[in-house]
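Need coordinates for the following:
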Amino acid sequence: MIRRSFALRAALGAAGLMLLASLLGAGWVWYAAEQELRAQRDLALAAEAEALIREYEILGVAGLAEQARAVARRQGPILVLLQTIDGIPIAGNFPGVRPPVLRGFATFPGGTADAGVRALGTMLPPGMNLILAAELAPISRAATRLAWAPAFAAGCAAIIALLLGYVAARRIERRIAGVGAAARAIMDGDLTRRLPQAGEGDEFDRLAGTLNTMLGRIEALMQAQRQVTDDIAHDLRTPLARLRQRIESALASARDPDGDAATLEESLTELDQVLATFAALLRIARAESGAPRAGFRPIDLSGLVGAVAEAYEAVAEEAGRTLSQDIAPGIGMDGDAALLRQAVANLLDNALVHGGPHVGLRLAPGPVIEVTDDGPGIPPEEREAVTRRFHRLDASRNTPGTGLGLALVAATAKLHGGRFEVLDGPGGRGATMRLTLGGR
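Now for the predicted structure:
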């Protein structure tokens, strides 16, 4: 697996590019260094020639010959040859083949390792040719050494890059192996498993943190789905069994039009209750899944709450209650209108069924929706439990309802980035149901 690591391949590619660039750079350094060294050598030859010419002007031919012999005895990097116009040597240390009579700069074969010789010839009266030369082999060696210095450094850097790439690949492989192990455990059904984090706060830790948040959300959704399934199996089994028993009893009895009609009416009532429970559970699951968030649209919340309140005025009057309204105008937000309308309706239903003679509905900026009543209220220890599915207080078990209304309100609040709270009512009497929503 390590051989197929991206980090190792990247390091190998970087090392290859580094070596290629270093070779190209070495070639350019060699060329530039050799040209510069040759130019410096030409200047040295010209300076030495000028010095010998001054000796000749002062001391004549004998002095020039003596100075040429002195330069030859030094066996330095400069070669000297003083010869006649016919090519007969007078003095000097020129090795190998004698160059022809030369005037100006010229390069010709010879010298050590056959690298060539760079020479400068000057004509002197009466009929003498002074040649100063230098072998090119030292220049080539110096240029080569200069050129290989960056290449060697690049080679060392490439080796270091490969080592670092190998170490990085091993480390990444270990971290990915941990991620793979966690992913396999999750695929096998362990939804509590999370991706490991090294605690370094690097890109891998940040990505793992994001994925862990996503996995937590998936786990919550799966738990909610299982909860819905369990709720359906547990709370709908009894009414369905009761309905089946009623129908079986009716079928086993003699036909009686009045009795059959009553049985059918009771069965329809039971079925309506079952269907209402199904619909409520589906709405809660839809809100908790977060799927409607993608379909959020701008909502005139003031108009929506006002319309629900208007519809419930007649319901409150029939129940012998009063419904007061305090709806601030011009409040809007982005959200799911159907869920918000159902949530407000559920709050009013709950207050009208379980509250006292007066129910209040208030919409304030925030936005905040509050429904208050002056009934018996909800004990503090029960306030969190009433938002769970099918939970009902002892005093409410004989009243109509599914026990899902406040669970839908809590799910709607969470979907809209808010919260649902159950508080004391005005003056410490009754209850206040407060739905705080995320604004625009």
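
Low-confidence ranges, the stretch 101-250 of the chain, go.
110-115, 221, 224-225, 227-238 (pLDDT under 70).

so where do the strands sit in it?
104-108, 117-124, 128-135 (DSSP state E, counting those that start in this stretch).

and the second one, what does it pack onto?
This means strand 117-124. helix 6-74, strand 104-108, strand 128-135 (3 or more CB pairs under 8 Å, 6 or more residues apart in numbering; DSSP states H and E). For the C-beta atoms, the positions are set from N, CA and C on the backbone; glycine is no exception.

Just the CA trace of the last one, in CSV.
Extracted in CSV, the C-alpha atoms of strand 128-135 (Å, rounded to 0.1, in the frame of the first residue of the first chain):
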residue,chain,number,x,y,z
MET,A,128,60.2,38.1,-33.3
ASN,A,129,57.0,36.5,-32.2
LEU,A,130,56.1,36.5,-28.5
ILE,A,131,53.4,33.9,-27.7
LEU,A,132,51.8,33.5,-24.2
ALA,A,133,49.4,30.6,-23.7
ALA,A,134,47.4,28.8,-21.1
GLU,A,135,46.0,25.3,-21.1
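
about what we covered before: of the strands of the stretch 101-250 of the chain, which stretch is the most buried?
strand 128-135 (a mean of 23; mean count of other CB atoms under 10 Å).

circling back: got CSV for the strands of the stretch 101-250 of the chain, with distance to residue 387 too?
Listed next are those as CSV, based on distance: least, CB to CB, whole Å:
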stretch, distance to residue 387
strand 104-108, 98
strand 117-124, 98
strand 128-135, 98
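
how about residue 83, secondary structure?
Here residue 83 is recorded as strand under DSSP: H, G, I helix; E, B strand; the rest coil.

do you know how far the closest residue to it other than its chain neighbours is from residue 134?
Nearest in space to residue 83, with sequence neighbours left out and distances taken as CB to CB, 6 or more residues apart in numbering, is residue 89 at 4.8 Å. Computed with CB to CB, to the nearest Å, the distance linking residue 89 and residue 134 is 18 Å.

Surely residue 147 is in contact with residue 26?
Yes - contact status for residue 147 versus residue 26: in contact at 4.4 Å, counting by CB atoms under 8 Å.

Neighbour count for those two, which is higher?
residue 147 (22 against 19; other CB atoms under 10 Å).

Poorly predicted segments of the stretch 301-440 of the chain, please.
Counting by pLDDT under 70, the stretch 301-440 of the chain contains low-confidence residues at 385, 388-403, 439-440.

80 - rerun?
Along the stretch 301-440 of the chain, the parts satisfying pLDDT under 80 run over 354-356, 377-405, 425-428, 438-440.

Where do the strands of it begin and end?
Using DSSP E, counting those that start in this stretch, strands in the stretch 301-440 of the chain cover 322-327, 332-335, 358-364, 368-373, 419-424, 431-436.

I appreciate the help and will end here.
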